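A.B. asks: Mind folding the following:
(one chain, ligands or ions: 1)
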Amino acid sequence: MKQQNIRHLVSVPTDRVAQRIAVVGAGVAGLSCARELLLRGHEPVVFEASDRVGGRCSSRSTPVGRFDDAAQVVSGATRLASYAVQRPGELAAIHPWTVPATPAEDEPKGRDRDVDQDESDVTRTLKLMGAVGVPSMRALAEAVARPLDVRLDTPIRHAQRSGAGWLLHGAAGTIDEEFQALVLALPAPLALPLARESAGVAAALRAVRYRSRWVLLLGTDRAVGLPGYREFQGSPIERVAAMHSKPGRPNGTSQRWFIEADEKWSLQHEDDDAEGVADLLLDNFRAHARRSVNPNFLCAHQWRHAFVETTAPLSGYSNCLWDPAARLGVCGDSVVASQVDRVHRSGVALAAWMAEGLASGRQRNAVHQAGRAARSSFEAQAAYG
Ligand SMILES: Cc1cc2nc3c(=O)[nH]c(=O)nc-3n(C[C@H](O)[C@H](O)[C@H](O)COP(=O)(O)OP(=O)(O)OC[C@H]3O[C@@H](n4cnc5c(N)ncnc54)[C@H](O)[C@@H]3O)c2cc1C
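C.D. replies: Numbering: from 1, shown residues only. All right, here's what the predicted structure looks like:
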């Protein structure tokens with residue numbers, strides 16, 4: 001999806017003048033904000049530093065198949081499903097995920113008992129974990145991105161006010177387009193250098209703190225005696241998730257496991273190298289599985305800005321930051337909790353506030369007044385969430 005430049009497939013009648021809006025960051029927050037702006041008749045353009053959409057709600061391809069490498073499950077209600085067109089005969093891009101609900105029975109009973117046999121036992125109760133992207137988390141993000149103008153491999157290094165709008169500078173120099181407003185949908189430490197033109201937004205972003213997190217992606221030819229999703233008490237592993245237990249995943253020859261270290265352990269090992277971390281987490285995974293696990297693929301990855309510890313203080317706009325004078329907004333987990341459903345809601349909220357603000361021409365006062373009236377109905381909507 002390099003330099004994607006797909007024109008809008010969605011056209012909603014609007015009495016407002018369409019505004020070109022730059023959205024920096026193609027995670028769930030940025031994509032949700034862009035989709036809502038598009039629905040409101042604006043022209044969002046999404047800039048993404050990496051070669052894929054989804055950010056921390058995505059998947060990576062490996063020689064043993066695809067892994068969801070950060071978010072494993074969407075546990076709160078979202079409107080994400082409504083963005084994704086379902087093709088005939090296919091599962092929707094977002095689908096419920098159930099796992100066995102009886103922990104005692106989940107434990108392996110024999111040394112070589114195959115967990116897939118356990119899971120096919122129809123007499124067992126299933127617990128709904130939430131929803132997952134199908135056939136991967138990245139596919140969900142791609143479905144949300146489909147009608148949008150997304151520029152991959154385009155890190156934004158600098159943002160500058162120009163008249164009433166914004167000019168952006170990428171790795172290859174100035175982007176030759178003008179935007180009437182700017183959305184920052186990336187972790188606060190990465191957003192801060194782009195927010196210098198708004199003292200208020202910059203101050204709010206400076207207050208944000210993130211914690212890092214180690215994860216291990218493991219492939220193995222033999223079944224591991226663990227259920228498809230399990231949380232653990234005690235260090236270092238916090239939870240494991242099996243790609244093969246999620247709906248709509250192609251059955252590869254390898255089992256693929258996502259293994260997430262806990263917060264404390266990740267902090268203690270913040271400066272370790274990936275190889276050493278992989279060995280330590282593998283040993284611990286073997287202990288939980290109570291059998292030998294011989295990996296055919298092993299990759300430890302550190303998410304530097306994994307989970308927000310302290311969010312930005314909000315001033316007047318729920319779930320987002322918006323400076324109507326600078327025409328600068330922030331959505332994502334810098335302002336809400338680190339959860340896919342929450343950042344989605346943050347993107348939707350920012351788009352709603354911006355649509356009001358950009359419509360008026362006297363943004364600051366008008367947005368406050370319209371915002372007060374809109375807030376109750378919007379928050380009712382957002383609580384569908
Ligand atoms: C290990 C892990 C497990 C998790 N598990 C869950 C879970 O099970 N359920 C759940 O609900 N949540 C989970 N989360 C949290 C959730 O994934 C995040 O809170 C959410 O995805 C953040 O979305 P976002 O859009 O705010 O930011 P991101 O997803 O981080 O998106 C920001 C995007 O901006 C891009 N970017 C950065 N700098 C630039 C730049 N200069 N120019 C252009 N683009 C740039 C990045 O490449 C990225 O794509 C997990 C997170 C981690 C790390």
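A.B. asks: For the stretch 251-385 of the chain, what lies in contact range of the ligand?
C.D. replies: Counting by Cβ under 6 Å from any ligand atom, the residues of the stretch 251-385 of the chain close to the ligand are Glu260, Trp303, Ala306, Gly332, Asp333, Ser338, Gln339, Val340, Val343. For glycine as for every other residue, the C-beta is placed from the backbone atoms N, C-alpha and C.
A.B. asks: Tabulate those residues (CSV), appending neighbour count, secondary structure and pLDDT.
C.D. replies: Listed next are those as CSV, based on neighbours: other Cβ atoms under 10 Å; DSSP: H, G, I helix; E, B strand; the rest coil; pLDDT from 0 to 100:
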residue, neighbour count, secondary structure, pLDDT
Glu260, 23, strand, 98
Trp303, 18, strand, 98
Ala306, 21, strand, 98
Gly332, 31, coil, 98
Asp333, 29, coil, 98
Ser338, 22, coil, 98
Gln339, 19, coil, 97
Val340, 30, helix, 97
Val343, 32, helix, 98
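A.B. asks: buried residues in stretch 251-263?
C.D. replies: Under the neighbour-count criterion of 16 or more other Cβ atoms under 10 Å, stretch 251-263 has Ser254, Gln255, Arg256, Trp257, Phe258, Ile259, Glu260, Ala261, Asp262, Glu263 buried.
A.B. asks: Reformat the residues of the stretch 251-385 of the chain next to the ligand as TSV; add distance to Arg157.
C.D. replies: Listed next are these as TSV, based on distance: Cβ to Cβ, whole Å:
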residue	distance to Arg157
Glu260	31
Trp303	22
Ala306	23
Gly332	19
Asp333	22
Ser338	25
Gln339	29
Val340	27
Val343	23
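A.B. asks: Between all of those, which two are separated the most?
C.D. replies: Spatial extent of those (Cβ to Cβ) is set by the pair Glu260 and Gly332 at 20.4 Å.
A.B. asks: how about the most centrally placed residue in the chain, secondary structure?
C.D. replies: In the chain, the centroid-proximal residue (Cα atoms, centre = their mean) is Cys57; its distance is 3.5 Å. State at Cys57, reduced to three classes by DSSP: H, G, I helix; E, B strand; the rest coil: coil.
A.B. asks: ok, it touching Ala70?
C.D. replies: Yes: using Cβ atoms under 8 Å, Cys57 is in contact with Ala70, at 6.6 Å.
A.B. asks: still on that earlier bit, which one among the residues of the stretch 251-385 of the chain next to the ligand gets closest to the ligand?
C.D. replies: The closest of those to the ligand turns out to be Gly332 (Cβ to the nearest ligand atom; 2.7 Å).
A.B. asks: Now do the contacts for that closest one.
C.D. replies: Gly25, Gly27, Ala29, Gly30, Leu184, Ala185, Leu186, Pro187, Val343, Ser346, Gly347 (Cβ atoms under 8 Å, 6 or more residues apart in numbering).
A.B. asks: Return the distance of whatever helix or strand Tyr210 lives in from the chain's centre.
C.D. replies: Secondary-structure assignment from DSSP states H and E places Tyr210 in strand 209-220. Centroid displacement of strand 209-220 relative to its chain, using Cα atoms, centre = their mean, to the nearest Å, is 15 Å.
A.B. asks: what's the following helix or strand after that strand?
C.D. replies: From strand 209-220, the next helix or strand downstream (DSSP H and E) is strand 229-231.
A.B. asks: roughly how far apart are the closest residue to Ser245 other than its chain neighbours and Ser162?
C.D. replies: Distances taken as Cβ to Cβ, 6 or more residues apart in numbering place Gly228 nearest to Ser245, at 2.4 Å, with adjacent residues excluded. Computed as Cβ to Cβ, to the nearest Å, the Gly228 to Ser162 distance reads 51 Å.
A.B. asks: Same question for Ala77.
C.D. replies: When distance is defined by Cβ to Cβ, Ala77 is 39 Å away from Ser162.
A.B. asks: which one of those two has more residues nearby?
C.D. replies: When neighbours are counted by other Cβ atoms under 10 Å, Ala77 comes out ahead of the other of Ala77 and Ser162, with 16 against 12.
A.B. asks: Asp341 is in contact with that one, correct?
C.D. replies: Yes: Ala77 lies in contact with Asp341 (Cβ under 8 Å); the separation is 6.4 Å.
A.B. asks: which stretches of this structure have low pLDDT?
C.D. replies: 1-16, 85-91, 101-124, 360-385 (pLDDT under 70).
A.B. asks: can you pull out the helices in the stretch 251-385 of the chain?
C.D. replies: 263-268, 274-289, 340-360, 363-382 (DSSP state H, counting those that start in this stretch).
A.B. asks: List the contacts of the first one.
C.D. replies: Contacts to helix 263-268, defined as Cβ under 8 Å, 6+ apart, come from residues Arg211, Ser212, Arg213, Trp214, Ser235, Pro236, Glu238, Gln302, Ala306, Phe307.
A.B. asks: Please consider this matter closed, and thank you.
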